[in-house]
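**Student:** What would the 3D arrangement of this be:
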Amino acid sequence: DPGRGRTKIGQLWAYARDDRPWGGTDPPGVAYVYAPDRTAGRPIAHLCGFAGVLQVDGYAAYESLAKGGGVRLAYCWSHVRRQFYDLAAASPIATETLARIAALYRIEAEIRGRSAEERRVVRQERSRPVVEALEPWLREKLGLLSRKSNLAEAIRYALSRWAGLSLFLDDGRVEIDSNTVERTIRPLALNRKNALFAGSDGGGEHWAVIASLIETC
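**Tutor:** Purely as a prediction, here's the structure:
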């Protein structure tokens with residue numbers, strides 16, 4: 001960062017679309033957008049005018065997008081699962097939670113590539129009972145735990161996002177997780193040590209454009 005005698009860290013935000021899991025015919029694509037920080041105002045500016053379902057991780061900044069009613073947030077079961085994974089070795093509650101989430105993923109594997117309506121019907125019949133049983137079970141277990149424990153934190157993470165975690169049950173276009181965009185982040189993350197410097201904010205913007213073209217192709 002010229003004039004300051006040190007570097008600064010920029011961010012590439014990734015916005016991805018892939019309709020193939022529900023039989024959509026629009027081509028998949030990703031847009032990387034450079035920003036000099038990761039503040040809440042960035043996604044608000046990037047998605048100005050957007051209306052529809054936005055599938056996201058647990059970053060709180062996205063919540064402000066949903067306040068106007070035009071954006072519905074679908075949260076990611078993969079991020080929920082990750083919260084319990086490291087605790088499973090020492091916690092029967094975490095192990096049971098992972099088993100219940102795994103049941104949802106087995107159903108998803110069976111219906112990948114089917115039409116949105118077929119996916120919705122199967123989810124209503126088979127996935128909804130799993131989700132609806134899991135919520136009160138987690139609330140019950142939460143009452144038995146110290147509020148400061150890592151397991152309690154993992155449960156609160158899930159429960160505070162339950163409406164968004166349940167959105168995939170009612171819309172066959174919505175995936176169970178945000179792995180579509182996670183996969184678009186991976187190439188950049190793997191290359192990070194080989195490409196440490198963008199040179200400037202302008203270089204970061206050029207990098208984002210080129211990366212968007214390459215990864216979309």
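
**Student:** Setting aside sequence neighbours, what's the nearest residue to A152?
**Tutor:** L145 (4.3 Å; C-beta to C-beta, 6 or more residues apart in numbering). Any C-beta I mention is one placed from the backbone N, CA and C, and that applies to glycine too.

**Student:** And the helices in the chain?
**Tutor:** 41-46, 77-85, 92-111, 116-122, 128-142, 150-159, 162-166, 179-190, 201-216 (DSSP state H).

**Student:** quick one: which of these is nearest G70?
**Tutor:** Counting by C-beta to C-beta, G70 lies closest to helix 41-46 out of the helices of the chain; the figure is 12.3 Å.

**Student:** could I get the closest one in PDB with only the CA atoms?
**Tutor:** Output in PDB follows, covering the C-alpha atoms of helix 41-46 (Å, rounded to 0.1, in the frame of the first residue of the first chain):
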ATOM      1  CA  GLY A  41     -21.800  -2.400   3.200                       C
ATOM      2  CA  ARG A  42     -20.100  -4.400   0.500                       C
ATOM      3  CA  PRO A  43     -22.800  -7.100  -0.200                       C
ATOM      4  CA  ILE A  44     -25.500  -4.400   0.200                       C
ATOM      5  CA  ALA A  45     -23.800  -2.400  -2.600                       C
ATOM      6  CA  HIS A  46     -23.000  -5.400  -4.800                       C
END
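
**Student:** residues contacting the closest residue to N150 other than its chain neighbours?
**Tutor:** Closest residue to N150 apart from its sequence neighbours, by C-beta to C-beta, 6+ apart: L87 at 6.0 Å. Counting by C-beta atoms under 8 Å, 6 or more residues apart in numbering, L87 makes contact with A94, N150, L151, A154.

**Student:** which residues touch stretch 95-102?
**Tutor:** Applying C-beta under 8 Å, 6+ apart, the contact partners of stretch 95-102 are W77, V80, R81, F84, Y85, A88, V130, A133, L134, L138.

**Student:** The same query, at a cut-off of 6 Å, please.
**Tutor:** Residues from elsewhere that reach stretch 95-102 (C-beta atoms under 6 Å, 6 or more residues apart in numbering): R81, F84, A88, L134.

**Student:** picking that back up, what pLDDT does the residue nearest to N150 get?
**Tutor:** Per-residue pLDDT puts L87 at 93.

**Student:** quick revisit: now, which of the contacts of L87 sits nearest D57?
**Tutor:** A154 (14.6 Å).

**Student:** can you pull the contacts of that closest one?
**Tutor:** The contact partners of A154, taken as C-beta under 6 Å, 6+ apart, are Q83, F84.
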